[in-house]
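[1] requesting a structural model of the entry that follows:
(one chain, ligands or ions: 2)
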Amino acid sequence: MRQVDVAIVGAGSAGYTALGLVKQHTDNFVLINEGWYGTTCAKIGCMPSKVLIQIADDFDRLQKMAVEGIEGLDNAHVNGAAVMQRVQTMRDAFVEKTIAPWQKLPAEQNLNGRAAFVDPNTIEITYRDGRTELLQAKQYILAPGSRPVLPEPWQDMPGVVTSDTFFEQASLPKKVAVIGLGVIGLELGQAMARLGVEVMGIEMADTIAGISDPEVLNKALELIGHDFPLYLGQAAQLEQTDNGIQVSFGEHSVEVDQVLAALGRRPNLDTLNLASAGISLDQRGMPDIDPSTMRIQDSNIFVAGDATGQKAILHEAADEGRIAAYNVMQALQQGDAKHYQARTELGMAFTHPNIGFFGQRFDQLDPENIVIGTYNFNMLGRPRVMQEFEGLIRLYADKTSKRLLGGEMIAPRGEHLLHQLAWAHQLNVEVADILRLPFYHPNIEEGVRVALRELAKQLYDEPVEEVVQA
Ligand SMILES: Cc1cc2nc3c(=O)[nH]c(=O)nc-3n(C[C@H](O)[C@H](O)[C@H](O)COP(=O)(O)OP(=O)(O)OC[C@H]3O[C@@H](n4cnc5c(N)ncnc54)[C@H](O)[C@@H]3O)c2cc1C
Ligand SMILES: NC(=O)c1ccc[n+]([C@@H]2O[C@H](COP(=O)([O-])OP(=O)(O)OC[C@H]3O[C@@H](n4cnc5c(N)ncnc54)[C@H](O)[C@@H]3O)[C@@H](O)[C@H]2O)c1
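    Ligands and ions are numbered 1, 2, ... in the order given. Have a look, this model is predicted:
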């Protein structure tokens with residue numbers, strides 16, 4: 001039986017990051033990956049979705065140009081097939097770049113098969129041709145990602161797509177029901193709507209994109225609702241018809257060509273048969289993973305990326321891959337696992353305007369202990385020039401420490417505002433210190449300053465001097 005120092009399962013963003021570090025330490029490793037290479041992010045996730053969103057944003061700007069004196073735009077229209085061709089061409093380029101490191105691995109270390117534990121020390125690899133191989137590693141890094149949730153009756157229904165298949169289409173559909181208005185449903189639903197597809201959005205919960213602040217939610221429903229109708233608090237039923245799919249929810253029933261099911265993603269750890277490794281699992285079938293070490297209990301198994309069932313976003317997958325690899329190297333040298341702190345949490349939907357949060361969300365905070373600063377984009381010059389003057393920023397600060405705790409927003413260029421606020425949050429400085437940082441004029445960041453000033457008025461007895469004393 002083959003024996004190695006390290007076995008990494010999953011050639012995604014988490015596995016890729018771990019591999020880069022493990023390689024520096026030992027040559028005695030294997031990478032096991034089932035199915036295609038190229039990562040969820042590059043092939044069916046972050047990147048193709050951002051290409052589609054960019055095209056939708058560009059098309060939308062044409063309408064804004066008309067009021068700026070730019071003429072001759074009346075004939076502009078969307079060629080759905082060309083749009084999807086552009087998405088696929090760019091996606092293929094991203095995938096090609098992503099698979100280069102795997103292609104450089106010698107064949108005996110790059111195993112294209114499914115891994116699963118057969119006992120606490122051994123995994124079995126099942127190759128595509130049905131062959132199997134047993135392998136033992138001193139340490140394991142499991143990074144098998146996640147898959148879309150899809151109820152069984154919907155699985156073979158023609159016309160039902162998930163983000164796994166959406167980007168493969170030859171053209172844009174005509175009429176779509178987007179079921180699930182989390183990040184994927186909102187991003188793709190809005191982009192399609194802005195490209196002329198008739199879209200309706202149906203969500204079981206009473207919020208979209210995980211927004212917990214009721215004021216931000218109201219603003220988001222208003223703004224995203226301009227692009228397509230949103231039905232909240234409704235779970236949909238599907239029925240196949242001669243012409244498509246009948247979607248029923250609440251009082252409504254409508255026939256569509258296509259359903260985009262965006263109901264969330266499920267960790268792929270269940271494919272690894274962890275029970276055979278002697279790992280105890282909770283009711284959801286998940287092991288107890290320490291987020292500061294990425295280790296399962298006291299085992300030689302580390303988990304990273306979407307497979308943890310925690311923060312299913314790319315930079316977190318990469319960090320978890322790093323932490324798992326650092327600790328695998330520690331373990332190979334008989335060292336104790338090192339504990340790492342999480343970065344400030346940051347999440348965003350690349351809708352228009354961007355929706356997102358940093359730090360703690362509104363519903364995680366005690367209203368008694370916080371003050372709130374807001375900005376609602378009705379006055380600033382630069383957003384008006386850009387014709388993007390609608391949004392709402394809500395920042396939360398701790399009454400005692402006078403530090404930012406978090407914030408939620410729907411805001412033009414919110415992706416950048418969220419980064420700056422997350423950096424300030426992680427540096428753990430007082431609100432007054434953030435106000436003493438430079439703010440250029442005219443800029444959207446001036447809106448953040450308005451919200452910070454509102455916080456400062458509530459936090460300090462004296463007005464804050466916004467210039468640093470020499
Ligand atoms: C539509 C969409 C848009 C997204 N947009 C963004 C975004 O804008 N920003 C962002 O930060 N995140 C985004 N994400 C999330 C991001 O793509 C993921 O968090 C990230 O790709 C997870 O990486 P991973 O390494 O955990 O998994 P993956 O990249 O999925 O890699 C897992 C690999 O493991 C393999 N595997 C599974 N089981 C086994 C097994 N038993 N044996 C061997 N191999 C196995 C799989 O085949 C796969 O190759 C998006 C996701 C989607 C779906
Ligand atoms: N910009 C980004 O960073 C980005 C973009 C896309 C995806 N992602 C990642 O991908 C993950 C998966 O995205 P997602 O949007 O599929 O999941 P999600 O968990 O964000 O949203 C799924 C939504 O579907 C709803 N839902 C579930 N079952 C339903 C039903 N039967 N009927 C109606 N609604 C139902 C849920 O209430 C939830 O709001 C996210 O957790 C996110 O981390 C990130």
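[2] tell me which residues in stretch 47-54 are buried?
    Residues of stretch 47-54 classed as buried by neighbour count (16 or more other C-beta atoms under 10 Å): M47, P48, S49, K50, V51, L52, I53. C-beta coordinates here come from the backbone N, C-alpha and C atoms, glycine included.
[3] quick one: average pLDDT of it?
    Stretch 47-54 comes out with an average pLDDT of 98.
[4] just the CA atoms of it, as PDB, please.
    Provided in PDB are the C-alpha atoms of stretch 47-54 (Å, rounded to 0.1, in the frame of the first residue of the first chain):
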ATOM      1  CA  MET A  47     -15.500  34.400 -12.200                       C
ATOM      2  CA  PRO A  48     -18.200  33.500 -14.700                       C
ATOM      3  CA  SER A  49     -20.800  35.200 -12.500                       C
ATOM      4  CA  LYS A  50     -18.700  38.400 -12.400                       C
ATOM      5  CA  VAL A  51     -18.400  38.300 -16.200                       C
ATOM      6  CA  LEU A  52     -22.100  38.200 -16.600                       C
ATOM      7  CA  ILE A  53     -22.600  40.900 -14.000                       C
ATOM      8  CA  GLN A  54     -20.100  43.100 -15.800                       C
END
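[5] distance between that stretch and the chain's centre?
    Computed by C-alpha atoms, centre = their mean, to the nearest Å, the chain-centroid distance of stretch 47-54 equals 13 Å.
[6] repeat for stretch 54-68
    How far stretch 54-68 lies from its chain's middle: 26 Å, per C-alpha atoms, centre = their mean.
[7] is there proximity between that stretch and ligand 2?
    No - using C-beta under 6 Å from any ligand atom, stretch 54-68 never reaches ligand 2; the gap is at least 13.4 Å.
[8] filter the buried residues of stretch 47-54 down to the ones near ligand 1?
    S49.
[9] now, the buried residues of stretch 47-54 that are in helices?
    Within the buried residues of stretch 47-54, residues falling in helices by DSSP state H are M47, P48, S49, K50, V51, L52, I53.
[10] from these, pick the one nearest ligand 1.
    Nearest to ligand 1 among these: S49, at 4.6 Å, using C-beta to the nearest ligand atom.
[11] check contacts around the closest one.
    Contacts for S49 (C-beta atoms under 8 Å, 6 or more residues apart in numbering) come out as S163, F167, I184, E187, L188, A191, F350.
[12] write out the residues of the chain neighbouring ligand 2.
    Listed as neighbours of ligand 2 in the chain under the rule C-beta under 6 Å from any ligand atom: 179-185, 187, 202-205, 235-236, 262-265, 312-313, 348-350.
[13] can you turn the buried part of those into a ChimeraX selection?
    ChimeraX command restricting those to the buried ones, with burial defined by 16+ other C-beta under 10 Å:
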select :179,180,181,182,183,184,185,187,202,203,236,262,263,265,312,313,348,349,350
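[14] neighbours of A170, just the number please.
    Using other C-beta atoms under 10 Å, A170 is surrounded by 9 other residues.
[15] compute the distance between it and ligand 1, please.
    19 Å (C-beta to the nearest ligand atom, to the nearest Å).
[16] so that residue sits right up against A82, yeah?
    No - using C-beta atoms under 8 Å, A170 makes no contact with A82, being 10.8 Å away.
[17] roughly how far apart are the closest residue to H77 other than its chain neighbours and A107?
    Excluding the flanking residues, the one nearest H77 by C-beta to C-beta, 6 or more residues apart in numbering is G196, at 7.8 Å. G196 sits at a distance of 47 Å from A107 (criterion: C-beta to C-beta, to the nearest Å).
[18] likewise E198?
    Look at E198 and A107: by C-beta to C-beta, they are 49 Å apart.
[19] neighbour count winner among the two?
    Each of E198 and A107 has its neighbours counted (other C-beta under 10 Å); E198 has more, 16 against 7.
[20] tell me what that one is bridged to.
    Beta-bridge pairing for E198 (DSSP bridges): K175.
[21] that one: what's it in contact with?
    Contacts of E198 by C-beta under 8 Å, 6+ apart are K174, K175, V176.
[22] note down every partner strand of the lengthiest strand in the chain and its orientation.
    Ranked by number of residues, the top strand in the chain under DSSP state E is strand 132-142. Partner strands and pairing direction for strand 132-142 (DSSP bridges) are strand 2-9 (parallel), strand 122-127 (antiparallel), strand 301-303 (parallel).
[23] buried ones in it?
    Residues of strand 132-142 classed as buried by neighbour count (16+ other C-beta under 10 Å): L135, A137, K138, Q139, Y140, I141, L142.
[24] how far off centre is stretch 377-397?
    Distance, centroid of stretch 377-397 to centroid of chain: 24 Å (C-alpha atoms, centre = their mean).
[25] how about it: buried residues?
    Result for stretch 377-397 [16+ other C-beta under 10 Å]: buried residues 377, 380, 382-383, 388-397.
[26] using TSV, lay out these together with distance to K43 and pLDDT.
    Converted to TSV, the buried residues of stretch 377-397 look like this (distance: C-beta to C-beta, whole Å; pLDDT from 0 to 100):
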residue	distance to K43	pLDDT
F377	36	88
L380	39	86
R382	36	92
P383	35	92
E388	31	91
F389	36	89
E390	34	94
G391	32	97
L392	35	98
I393	34	98
R394	35	98
L395	36	98
Y396	37	98
A397	41	98
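[27] make CSV out of these and add secondary structure.
    Shown next, in CSV, are the buried residues of stretch 377-397 (DSSP: H, G, I helix; E, B strand; the rest coil):
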residue, secondary structure
F377, coil
L380, coil
R382, helix
P383, helix
E388, coil
F389, coil
E390, coil
G391, coil
L392, strand
I393, strand
R394, strand
L395, strand
Y396, strand
A397, strand
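[28] let's check: the centremost residue of the chain is which one?
    Centroid-nearest residue in the chain: I313, 4.0 Å away (criterion: C-alpha atoms, centre = their mean).
[29] which non-adjacent residue is nearest it?
    Closest residue in space to I313, ignoring its immediate chain neighbours: G347 at 6.6 Å, by C-beta to C-beta, 6+ apart.
[30] the helix or strand the one you found falls within and ligand 1, any residue contact?
    Per DSSP states H and E, G347 falls inside strand 346-349. No - for strand 346-349, no contact with ligand 1 is found by C-beta under 6 Å from any ligand atom; the gap never falls below 7.8 Å.
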